[in-house]
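>>> Sequence and predicted structure, then a few things I'm wondering about:
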There are 4 protein chains.
Amino acid sequence: MIKVRTSTVIDAPIEAVWALASDFNGLPAWHPAAAESHIEAGKANNEIGCVRNFALKDGSGRVRETLLAASSIDHTIIYDMVGGPLPFLDYVSVLRFEPVTDGDRTFAVWTAEFRAGDGEPDKWGPFVRDEVFLGGLKALERTVKAR
Amino acid sequence: MIKVRTSTVIDAPIEAVWALASDFNGLPAWHPAAAESHIEAGKANNEIGCVRNFALKDGSGRVRETLLAASSIDHTIIYDMVGGPLPFLDYVSVLRFEPVTDGDRTFAVWTAEFRAGDGEPDKWGPFVRDEVFLGGLKALERTVKAR
Amino acid sequence: MIKVRTSTVIDAPIEAVWALASDFNGLPAWHPAAAESHIEAGKANNEIGCVRNFALKDGSGRVRETLLAASSIDHTIIYDMVGGPLPFLDYVSVLRFEPVTDGDRTFAVWTAEFRAGDGEPDKWGPFVRDEVFLGGLKALERTVKAR
Amino acid sequence: MIKVRTSTVIDAPIEAVWALASDFNGLPAWHPAAAESHIEAGKANNEIGCVRNFALKDGSGRVRETLLAASSIDHTIIYDMVGGPLPFLDYVSVLRFEPVTDGDRTFAVWTAEFRAGDGEPDKWGPFVRDEVFLGGLKALERTVKAR
């Protein structure tokens, strides 16, 4: 099992960060890898069990992920990956925020556990940690500050 | 602050219990105090932030509660009370289930924290703990087993 | 990674259960597999970081485990295995109790994550779950009730 | 109930921060308000249930606090106050750290819940939050960096 954990500090209040990051169907508004996204038929956005279906900007395909848990108290969402071009198995991810009262900033943690279906765990762990998660959180910060 | 905690063991598998209890708009299907329920305009059922609005069977009025968190991993929902005939302030409640592998049963915990706006905490703590929560969990068990 | 989870209900109050189970050096008082136990030099029992060293009754050797976390609020201990005859790698275990207010009983959960160093995960998962954990919790209940 | 929460980011690796902060009897090494400290008779330092007894530098008396929980996995300690010159009732505090991988820093959170026995909650909440907790964490950072 590959275990990945990225954490950083976003120089913006948690309310502004959470407004963007809690929108399960809203990845294209801030994540550099995500293009168009929609919720699959039969569910509403942010409903537990809904599936987001978004295009990757590099044209490699579409990713499908299920919302497993969400908390506006703990500023946390948990989701798994159920389809797409990445060779990941049993992928579950947690995105969590906490206020940093000293400076009105936001502590952000993004973790995942998964197996690499192509037998290349040494490649995919750092890719998720650095490209998808740290790159995503940095872009989230830029987007929040530009609003 | 009044703190209330009720826990029991339901003699049914967690999947069956959770199917009923995770339906935020579905209280009338199992809770003895709830009559008709609907989700207020603009949200879907089980969407974080949605408000359920249900009638009390005793005719005393309608209760309005917001879904703050839900997890299909931890089998937990968290909600607060934002309106109704009960004199409660700052009411937040957690309903949580865990599998009991020995016997394929379900451990159920229902907690709340609130203040009594009418100055009668000694009355309302036991009422919530015994009538609303323990009575509700016993009715949930009966409903699950009757299906 | 092998993931094991056993849970049951002990027909005794949590105070009595926790008094026995929270004694990190006290396994021989209730677990059928444990004979003599001591804390290794330089630490006190129940000090975070202490190592218990206990003999297995079947004569196969001694197990060494480190106390990583303990909470008298959440009635939880977490420990890892750092030596002994069992072919386990990266073994971390959580033992947790919660009161069942309905009947003054105790919900008990014992989990572990580990890898099998001998390549026999299908053998060791059920062994830990059924023999070590469920057998242990049943013996804990008998011991508490006999006092 | 007064609820206080202070969080900041310490510019040092979590291992160095935790080495200091996890030593329950070690407050005088870093907290500006603490002078001499010892563990009361019959327990070892860092043993769950031990009581630290430390002098306040302002000469107002000695504070006694019990270690309720500690986790070297979650980098957390929980304790309550059982004696001293401060007019606090039902005081329970949590001190927790998480790694900030981006920059090898440490997120620190210090919370407390208590009642003011002298009827001055508006005085004591900010005092604990700003003087005891934020002041303490800033001093912890200085101490770690000076080593």
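Thanks, I have it.

>>> Can you give me the distance of residue A:52 to chain D?
26 Å (C-beta to the nearest C-beta, to the nearest Å). Bear in mind the C-beta positions are built from the backbone N, C-alpha and C, glycine included.

>>> Quick one: neighbours of that residue, just the number.
Residues near residue A:52, counting by other C-beta atoms under 10 Å in any protein chain shown, number 24.

>>> for residue A:40, same thing?
11.

>>> Any idea how many residues pack against the closest residue to chain C within chain A?
Nearest residue of chain A to chain C, counting by C-beta to the nearest C-beta: residue A:1, 4.7 Å away. Look at residue A:1: counted by other C-beta under 10 Å, it has 13 neighbours.

>>> Residue A:103 too?
12.

>>> hey, what's residue A:70 bridged with?
Beta-bridge partners for residue A:70, by DSSP bridges, are residue A:77, residue B:70.

>>> Which pLDDT value goes with it?
We have a pLDDT of 98 for residue A:70.

>>> Just to check, it is in contact with residue B:47?
No - applying C-beta atoms under 8 Å, one finds residue A:70 not in contact with residue B:47, separated by 9.0 Å.

>>> what is in contact with the two at once?
Residues touching both residue A:70 and residue B:47 by C-beta atoms under 8 Å, 6 or more residues apart in numbering or on different chains: residue A:46.

>>> Those two - which one has more neighbours?
residue A:70 (25 against 22).

>>> Quick check: the gap between the residue of chain A closest to chain C and residue A:78.
Distance from residue A:1 to residue A:78, counting by C-beta to C-beta, to the nearest Å: 16 Å.

>>> Is chain D within reach of the lowest-mean-pLDDT helix or strand in chain A?
Least confident helix or strand, chain A: helix A:121-126 with a mean of 93, by mean pLDDT, DSSP states H and E. No - figure legend: helix A:121-126 not in contact with chain D (C-beta under 8 Å from any C-beta of the partner chain); closest approach 12.1 Å.

>>> Who's the closest spatial neighbour of the residue of chain A closest to chain C, skipping the chain neighbours?
Nearest residue to residue A:1 in three dimensions, chain neighbours excluded: residue C:1, at 4.7 Å (C-beta to C-beta, 6 or more residues apart in numbering or on different chains).

>>> before we move on, back to that, can you pull the contacts of the residue of chain A closest to chain C?
For residue A:1, the contacting residues are A:90, A:113-115, C:1, by C-beta under 8 Å, 6+ apart.

>>> And residue A:137, by the same measure?
Neighbour list for residue A:137: A:6, A:8, A:10, A:108, A:110, D:102 [criterion: C-beta under 8 Å, 6+ apart].

>>> all helices for chain A, in order.
A:14-21, A:121-126, A:135-146 (DSSP state H).

>>> Report the distance from the longest one to the chain centre.
Relative to its parent chain, helix A:135-146 has a centroid offset of 12 Å by C-alpha atoms, centre = their mean, to the nearest Å.

>>> Just the C-alphas of it, formatted as PDB.
Taking Å, rounded to 0.1, in the frame of the first residue of the first chain, the C-alpha atoms of helix A:135-146 are listed here in PDB:
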ATOM      1  CA  GLY A 135       0.700  21.400  -6.800                       C
ATOM      2  CA  GLY A 136      -3.000  21.400  -6.200                       C
ATOM      3  CA  LEU A 137      -2.700  23.100  -2.800                       C
ATOM      4  CA  LYS A 138      -0.400  25.800  -4.200                       C
ATOM      5  CA  ALA A 139      -2.900  26.500  -7.000                       C
ATOM      6  CA  LEU A 140      -5.800  26.500  -4.500                       C
ATOM      7  CA  GLU A 141      -3.900  29.200  -2.500                       C
ATOM      8  CA  ARG A 142      -3.300  31.300  -5.700                       C
ATOM      9  CA  THR A 143      -7.000  31.000  -6.600                       C
ATOM     10  CA  VAL A 144      -8.200  32.000  -3.200                       C
ATOM     11  CA  LYS A 145      -5.900  35.000  -3.000                       C
ATOM     12  CA  ALA A 146      -6.900  36.200  -6.500                       C
END
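
>>> between it and helix A:14-21, how many degrees?
Between helix A:135-146 and helix A:14-21, the angle comes out at 120 degrees (axes from the mean of the first three to the mean of the last three C-alpha atoms, to 10 degrees).

>>> And helix A:135-146, what's buried?
With burial defined by 16 or more other C-beta atoms under 10 Å in any protein chain shown, the residues of helix A:135-146 counted as buried are A:136-137, A:139-141, A:143-144.

>>> Just give me the closest of these to residue C:84.
Closest approach between the buried residues of helix A:135-146 and residue C:84, by C-beta to C-beta: residue A:137, at 41.3 Å.

>>> Report the buried residues of stretch A:114-124.
A:114, A:116, A:124.

>>> which of those lies closest to residue C:20?
Of the buried residues of stretch A:114-124, the one sitting nearest to residue C:20 (C-beta to C-beta) turns out to be residue A:114, at 39.0 Å.

>>> State the pLDDT value of the residue of chain A closest to chain C.
86.

>>> do residue A:45 as well
95.

>>> Kindly state the pLDDT recorded for the residue nearest to it when sequence neighbours are not counted?
Closest residue to residue A:45 apart from its sequence neighbours, by C-beta to C-beta, 6+ apart: residue A:25 at 4.3 Å. Note on residue A:25: pLDDT of 98.

>>> Verify the stated contact: residue A:25 with residue A:37.
Yes - if you go by C-beta under 8 Å, residue A:25 and residue A:37 touch, sitting 5.4 Å apart.
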